[in-house]
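*Asks:* After the sequence you'll find the predicted model.
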Amino acid sequence: MRAGIVAQVLTLPLWVVKTRLALHRENQSFGLTYRVVRDMFQHEGPQAFYKGFFPSIALSTYGIIQMYAYENINHALGY
């Protein structure tokens, strides 16, 4: 779970900016990333980069469940 939290803290801002860029409808792409990041920070504050943090943490439990099931199945089958 700690690894999921650390991964989300480090990568979620990048995914949020990527999504904003994909949704942005502008023909001129030069400096667009900078403008999107600047506008997010100025208009929504630093918390804008962590929108969806708690749902992403809930989804990161998938890896925990998968590895737990994998280990138990291997143990039950004698591997």
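*Replies:* On my side now, so go ahead.
*Asks:* hey, let's count contacts and neighbours off CA atoms from now on
*Replies:* Noted.
*Asks:* per-residue confidence at the residue positioned nearest the centre of the chain?
*Replies:* Residue closest to the mean C-alpha point of the chain, counted by C-alpha atoms, centre = their mean, is Leu12 at 3.3 Å. The model reports Leu12 with a pLDDT of 91.
*Asks:* List the residues that contact it.
*Replies:* Contacts for Leu12 (C-alpha atoms under 8 Å, 6 or more residues apart in numbering) come out as 49-50, 53.
*Asks:* who wins for neighbours among those?
*Replies:* Phe49 (20 neighbours; other C-alpha atoms under 10 Å).
*Asks:* which one is that one nearest to, not counting chain neighbours?
*Replies:* Of all residues not flanking Phe49 in the chain, Pro13 sits nearest, at 4.6 Å (C-alpha to C-alpha, 6 or more residues apart in numbering).
*Asks:* now the one helix or strand that neighbour maps to, how far from the chain's geometric center?
*Replies:* For Pro13, the element it lies in under DSSP states H and E is helix 2-23. A distance of 3 Å separates the centroid of the chain from that of helix 2-23, by C-alpha atoms, centre = their mean, to the nearest Å.
*Asks:* same thing with stretch 33-53?
*Replies:* Relative to the chain's own centre, stretch 33-53 is displaced by 14 Å; criterion: C-alpha atoms, centre = their mean.
*Asks:* same check, this time on stretch 56-69
*Replies:* How far stretch 56-69 lies from its chain's middle: 14 Å, per C-alpha atoms, centre = their mean.
*Asks:* pLDDT on that stretch, on average?
*Replies:* Taken as a whole, stretch 56-69 carries a mean pLDDT of 84.
*Asks:* Alright, calling it a day.
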